[in-house]
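> Provided below are the primary sequence and the corresponding predicted coordinates.
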Amino acid sequence: MTPLEAWSVFFANAHKPEYRSLMPELSDVKEEVNMANSLLMSISQDEAQQAHYRSRRIFERDMEHGFAVARKEGRAEVAASLLKHGMPVQEVIDVTGLTLEDIKRLAPA
């Protein structure tokens, strides 16, 4: 069985409990299928583990979003300081990666 065929069988049948006993045979063909099968078995054991896994993924996504917001806010603070010290707007855009619209929001009216 080719690796592509092994993955096809895995994805087509992994959600069916009656086929899970066949997965170790596929894992002999492809080590990655074995890893995927192990992960599938570990996260599908019970509702509590599934809930924990989903919760962890949500937490990780929220943390990444928070970091992205913090990075943008930090760049905005740097941009405001650079503008205050007389740096031309285009240079501030080049240095911080902010857009012209972001810079305009920083400038006092």
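Noted; the coordinates are in hand.
> and Phe11, what helix or strand is that in?
helix 3-13 (DSSP states H and E).
> and Val78, by the same measure?
Secondary structure here is read from DSSP H and E; on that basis Val78 sits in helix 47-84.
> how close does Glu31 sit to Ser38?
The span separating Glu31 from Ser38 equals 11 Å under the rule Cβ to Cβ, to the nearest Å. From N, CA and C alone the C-beta is placed, and that goes for glycine too.
> before we move on, back to that, tell me what the helix holding Phe11 is packed against?
Packing partners of helix 3-13 (3 or more Cβ pairs under 8 Å, 6 or more residues apart in numbering; DSSP states H and E): helix 23-27, helix 31-43.
> need the least confident one among those, by mean pLDDT.
Mean pLDDT values for those show the minimum at helix 23-27, a mean of 63.
> how's this structure carved up into domains?
Split into domains by automatic domain parsing, the chain comes to 1-45, 62-109.
> as a markdown table, those domains with distance to Arg56 and mean neighbour count would be great.
Compiled in a markdown table, the domains of the chain are given as follows (distance: least, Cβ to Cβ, whole Å; neighbours: other Cβ atoms under 10 Å):
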| stretch | distance to Arg56 | mean neighbour count |
| --- | --- | --- |
| domain 1-45 | 10 | 14 |
| domain 62-109 | 11 | 13 |
